[in-house]
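Chemist: what follows is a predicted protein model with its sequence.
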Amino acid sequence: MTNFALIMAAGRGSRLPADLPKQYLPLAGKPVLRHTVDAFLDHPEVDGVAVVISPDDAMLAEAALGDLPDVTRIAGGDSRQESVLNGLHALQGDAPDKVLIHDAARPFVTAEVISGVITALQDHDAALPCVSVTDTLKRGKDGMVADTVDRASLFHAQTPQGFRFSTILPAHQAAIGENHTDDIAIAEQAGIQAVITDGHPDNFKITTAPDLLRARQMVNVIHPSAEPASRTAVGQGFDVHRFAPDRPLILCGVTIPHEQGLAGHSDADVAMHALTDALLGTIGAGDIGQHFPPTDDRWRGAPSETFLRHACDLITRAAGRISQLDLTIICERPKIAPHRAAMQSSLATICGIPADRVSLKATTTEKLGFTGRKEGIACMAIATVILPDTDG
Ligand code: MG
């Protein structure tokens, strides 16, 4: 018998006042998702873990799971239902007997809750961990209390929701395009009986700001002062490329219509070069030329995205998080403003941060100097990165 955990981390919405999807928020120095994955990896009866991830969050997921090559990554779909089905299909080749479908935003699932679901699946096709409703429940009408609801038969549903793999896959396939809030609802529709198992009050879903505060208080109890000290590192970069005929003009990965491009060994994206140097500066990792020597033929005509991704990767490895990027492009022509949003979006995607954390400005030099004479383009960049304070 094999038991697989399928962790749903593809949701991107957040009711929290944060830029990150909630499953990537840090808790005691680890993303929420990592706490969740570890809970299943540490469980002796769980044979494997797969995580369904939004392709938009690939960098965040790698930062959370990079050192866990045995954890399967699966691309999510457009809805939760589609994401779960993608996960089930990915497991189908070497199908487990039982699958435990769990919300990534429930990092405090206990070993007992997991065991309870696995044990119940010996005699049932589906199992749902639940906690009783403790508050008295009222039905309201027009702002007035209408009556009291008997709470004895009411439960809060939690995850992991457990299923025999051979029953949930066809149920999910039959539910394509439908809107269900959880997998037990899909099972119910398919006539699959689910047994109630013991949930746990700590196994709550981080959804709101008070939930996040509660989660932070809980990890501080479990791991006193585990939240590592951090420090802010600032790096700056500067680059210049001269105009050259018969070259495309590429800035921040965006091709800009202009009568000339920039000369250079790579694609000569002066803005990405300055930004790459700024990012390398935050971790004292030298400059772009050390990592990608212009004498090396491998980088002839290379897209500068390669260089920027490398710098981001080094920051992730250093357990760093990009806080803010700020670029100033200096040229007389072309006009940057019409392309600003596309350029910001391009950099944000590559760096795995929201576009509002990428600031992009442009200026002329009042026709003075080489930029004023339209001989080339210069760019300055500043990167701010949050790093663990290993001295602290
Ligand atoms: Mg350069």
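Modeler: Looks like it arrived, so ask away. Numbering: from 1, shown residues only.

Chemist: surely residue 277 and residue 381 touch.
Modeler: Yes. At 7.2 Å, residue 277 and residue 381 qualify as touching, with contact defined as Cβ atoms under 8 Å. Every C-beta, even on glycine, is put in place using the N, C-alpha and C of the backbone.

Chemist: more neighbours, those two?
Modeler: Set residue 277 next to residue 381 and count neighbours by other Cβ atoms under 10 Å: residue 381 wins out with 27 against 24.

Chemist: sorry, back to before: tell me, what's touching residue 277 and residue 381 both at once?
Modeler: Contact criterion Cβ atoms under 8 Å, 6 or more residues apart in numbering; residues bridging residue 277 and residue 381 by contacting each: 236, 237, 238.

Chemist: and those, which are buried?
Modeler: Under a neighbour-count criterion of 16 or more other Cβ atoms under 10 Å, the subset of those counted as buried comprises residue 237.

Chemist: mind putting the shared contacts of residue 277 and residue 381 into CSV with distance to the ion?
Modeler: CSV is the format used below for the shared contacts of residue 277 and residue 381 (distance: Cβ to the ion, whole Å):
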residue, distance to the ion
236, 15
237, 10
238, 10
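
Chemist: got the shared contacts of residue 277 and residue 381 as CSV, with secondary structure, pLDDT and distance to residue 363 columns?
Modeler: Formatted as CSV, the entries for the shared contacts of residue 277 and residue 381 read as follows, by DSSP: H, G, I helix; E, B strand; the rest coil; pLDDT from 0 to 100; distance: Cβ to Cβ, whole Å:
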residue, secondary structure, pLDDT, distance to residue 363
236, strand, 98, 16
237, strand, 98, 17
238, strand, 98, 14
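
Chemist: nearest to the ion: which residue in the stretch 201-350 of the chain?
Modeler: Taking Cβ to the ion, the ion has its nearest neighbour within the stretch 201-350 of the chain at residue 273, 3.6 Å off.

Chemist: surely residue 251 is in contact with residue 269?
Modeler: Yes. Residue 251 is within contact range of residue 269, at 6.2 Å (criterion: Cβ under 8 Å).

Chemist: pLDDT score for residue 127?
Modeler: The per-residue pLDDT reported for residue 127 equals 98.

Chemist: that one: what secondary structure?
Modeler: In three-state terms, and counting by DSSP: H, G, I helix; E, B strand; the rest coil, residue 127 is strand.

Chemist: so it sits right up against residue 114, yeah?
Modeler: No. Here residue 127 does not reach residue 114: they are 10.7 Å apart, not a contact under Cβ under 8 Å.

Chemist: near the ion, which residues of the stretch 151-300 of the chain?
Modeler: The interface of the stretch 151-300 of the chain toward the ion, taken as Cβ under 5 Å from the ion, is made up of 239, 273.

Chemist: so what's residue 75 closest to, chain neighbours aside?
Modeler: residue 55 (5.2 Å; Cβ to Cβ, 6 or more residues apart in numbering).

Chemist: ok, that neighbour to residue 48 distance?
Modeler: As for residue 55, its distance to residue 48 is 22 Å (criterion: Cβ to Cβ, to the nearest Å).

Chemist: higher neighbour count, the two?
Modeler: residue 48 (17 against 10).

Chemist: skipping adjacent residues, who's closest to that one in space?
Modeler: Residue 48's closest residue in space is residue 4 (Cβ to Cβ, 6+ apart), at 4.9 Å.

Chemist: and that neighbour, what element?
Modeler: Assigned by DSSP states H and E, residue 4 falls within strand 3-9.

Chemist: list the buried ones in stretch 304-315?
Modeler: Of the residues in stretch 304-315, 304, 305, 306, 307, 308, 309, 310, 311, 312, 314, 315 count as buried by neighbour count, 16+ other Cβ under 10 Å.

Chemist: returning to what we had before: before we move on, what SS does the residue of the stretch 201-350 of the chain closest to the ion have?
Modeler: For residue 273, the assignment made with three-state DSSP gives helix.

Chemist: for the closest residue to it other than its chain neighbours, what are its contacts?
Modeler: Leaving aside its chain neighbours, residue 273 sits nearest to residue 239 (4.1 Å; criterion: Cβ to Cβ, 6+ apart). Taking Cβ under 8 Å, 6+ apart, we find residue 239 in contact with 270, 271, 273, 274, 277, 378, 379.
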